[in-house]
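K.L.:
A predicted structure for the sequence below; I have some questions about it.
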Amino acid sequence: MTPLAVVLIVVAIVGLVVVAMAVQSLIVTLRSLRETVEDLHRQTLPAIAELRSTVAAANGEIARVDSLLDTAEEVGARVEATSRLAWLVMRNPLVKLASASVAGDRAARRLGSRSGRPELVAPPTLELSEQSPASGLTGSRRSDQRRRTRRAG
């Protein structure tokens, strides 16, 4: 054998040893990776199962809250409709009661008047606004002021 052949054989053997060591290192790394993946698998499966059950419970609660909101909206609409109906039903009798009260007050004043003659009083007007912008008085104060003005005059 020639010295060149011996050198080539030695280089080939060294190269083979280096490749074998690299393969061995790769095998160790792959085993470590496999153990890490199995460990991760063992730890994440229960966490994922718990997460699924939590999401299912949250979805159930969301559906329940949605149902409660729908019910609350229906109740609100019914209360509003009932309130409107009650106002429509009660408005006319309340106006009549107010007018009967005013008429009774007038009759009592006429009967209780000292001079014996009936007092002429203009009928009060029902106003929808709380305060008149011109006078700055509310409806009952305005009518009281008119009565005092008529009596004085």
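P.N.:
Perfect, thanks for sending it.
K.L.:
avg pLDDT for the helix or strand where residue 84 lies?
P.N.:
Assigned by DSSP states H and E, residue 84 falls within helix 3-111. What helix 3-111 shows for mean pLDDT is 92.
K.L.:
now that helix, how far from the chain's geometric center?
P.N.:
In terms of CA atoms, centre = their mean, to the nearest Å, the gap separating the centre of helix 3-111 from the centre of its chain is 17 Å.
K.L.:
assumed residue 125 was part of a helix.
P.N.:
No - assessed with DSSP: H, G, I helix; E, B strand; the rest coil, residue 125 is coil; it does not lie in a helix.
K.L.:
next, count neighbours for it.
P.N.:
Burial measure for residue 125: 9 neighbouring residues, criterion other CB atoms under 10 Å. Quick note: C-beta positions are derived from backbone N, CA and C, even for glycine.
K.L.:
state the pLDDT value of it.
P.N.:
Listed pLDDT for residue 125 reads 70.
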